[in-house]
Each structure stands twice: as structure tokens, then as C-alpha cells.
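predicted model follows, preceded by the sequence.
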Amino acid sequence: MSLIPSIFGRQSGALDPFSGDEASQFAAARIDWKETAEAHVFKADLPGLKKEEVKVEVEDGNVLQIRGERSRDKEEKNDTWHRVERSCGKFLRRFRLPENVKMEEVKASMENGVLTVTVPKAEVMKPEVKAIEISG
């Protein structure tokens with residue numbers, strides 16, 4: 001059995017496609033989601049991960065999926081561990097976005113272990129108001 005703690009810690013709020021034993025193998029990366037006037041912005045702390053180890057995908061037209069995996073450090077038989085606090089394993093987060101977003105314009109960047117995903121908002125069409133003359 002490995003001494004390295006499992007995964008990033010589960011969190012509610014995500015759409016979880018897994019159940020049972022399979023779900024226990026996955027975890028939730030901590031992600032902030034804020035809405036501005038122009039976009040929905042997601043920020044995930046993923047220290048130690050390279051951008052090649054993270055996937056950002058759009059699913060079913062309006063579901064944003066962020067997933068990846070942090071590998072375990074190689075354990076040598078003769079090593080003596082004094083403390084193991086860093087987590088490892090797979091993570092998966094899914095967010096159902098509102099209909100007023102431009103999914104074809106999603107952008108993602110990673111800097112200093114922070115993934116930023118920006119989903120621009122579509123302009124909300126204001127209803128056209130037409131004055132009707134009242135006869136009589």
C-alpha cells in the first residue's frame with residue numbers, strides 16, 4: 001500500500017458522471033467560477049501539473065469539463081518517508097453552463113500552476129418593443 005495520499009479531495013457541485021468504486025478513484029480539483037459582464041471565468045489551482053497533463057473540453061454543447069492527473073513520485077524500496085502530504089491521482093470536474101455563452105470561443109491558459117478558462121458570454125438580445133397606437 002502506498003503512503004501517498006489519494007487525490008485532491010472531493011467537492012460537491014460538479015456534475016458527476018461516475019458512481020460506486022469508479023467514483024472513489026476520481027476527485028475534484030478546487031475550482032473558482034465567477035461571472036463577469038463579459039464572461040464566465042474558471043480558475044483551478046493545479047500546482048505541479050503541466051498543461052499537457054490537463055484537458056479542457058466542451059461536452060454536449062454546454063458542459064465544460066476539466067480533467068487531469070498528477071502522477072505519484074517513484075517510490076524506491078529503500079526510501080524512508082517521514083511525511084507525505086502531497087496528493088496524487090485523477091481529477092474530473094464538469095460544469096453545466098447557461099445558454100448565453102459562446103462555447104466556440106472558450107479559451108484556456110495555464111500560468112504558475114493556475115488554470116484559467118474563460119467562456120465569453122453572448123450578447124443578450126433585448127426584446128424589441130413596438131408601440132401600438134390605440135384607436136378610438
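In hand now; what should we look at?

go ahead and name everything in contact with stretch 49-63.
15, 46, 64-70, 94-99, 101, 103, 106, 108, 110, 113, 115, 117 (Cβ atoms under 8 Å, 6 or more residues apart in numbering). All C-beta spots, glycine's among them, are computed from the backbone N, C-alpha and C.

narrow those residues to those in strands?
Counted as lying in strands by DSSP state E, out of the contacts of stretch 49-63, are 64-70, 94-96, 108, 110, 115, 117.

least confident secondary structure element in the chain?
helix 20-24 (a mean of 37; mean pLDDT, DSSP states H and E).

wait, H40 touches W33, no?
Yes: using Cβ atoms under 8 Å, H40 is in contact with W33, at 6.6 Å.

ok, the two, which is more surrounded?
H40 (20 against 16; other Cβ atoms under 10 Å).

so which strand or helix has K34?
Counting by DSSP states H and E, the element that carries K34 is strand 31-35.

tell me the mean pLDDT over that strand?
Averaged across strand 31-35, the pLDDT comes to 95.

what pairs with that strand, parallel or antiparallel?
strand 39-45 (antiparallel) (DSSP bridges).

so how far is the partner strand from its chain's centroid?
Averaging C-alpha positions (Cα atoms, centre = their mean, to the nearest Å) puts strand 39-45 8 Å from its chain's average.

got the buried residues for the helix or strand following it?
Moving toward the C-terminus from strand 39-45, the next helix or strand (DSSP H and E) is strand 54-59. Residues of strand 54-59 classed as buried: 54, 56 (neighbour count, 16 or more other Cβ atoms under 10 Å).

strand 54-59 versus strand 107-111: what angle between them?
Calculated by axes from the mean of the first three to the mean of the last three Cα atoms, to 10 degrees, strand 54-59 forms an angle of 170 degrees with strand 107-111.

now strand 54-59 and strand 63-70, what's the angle there?
160 degrees.
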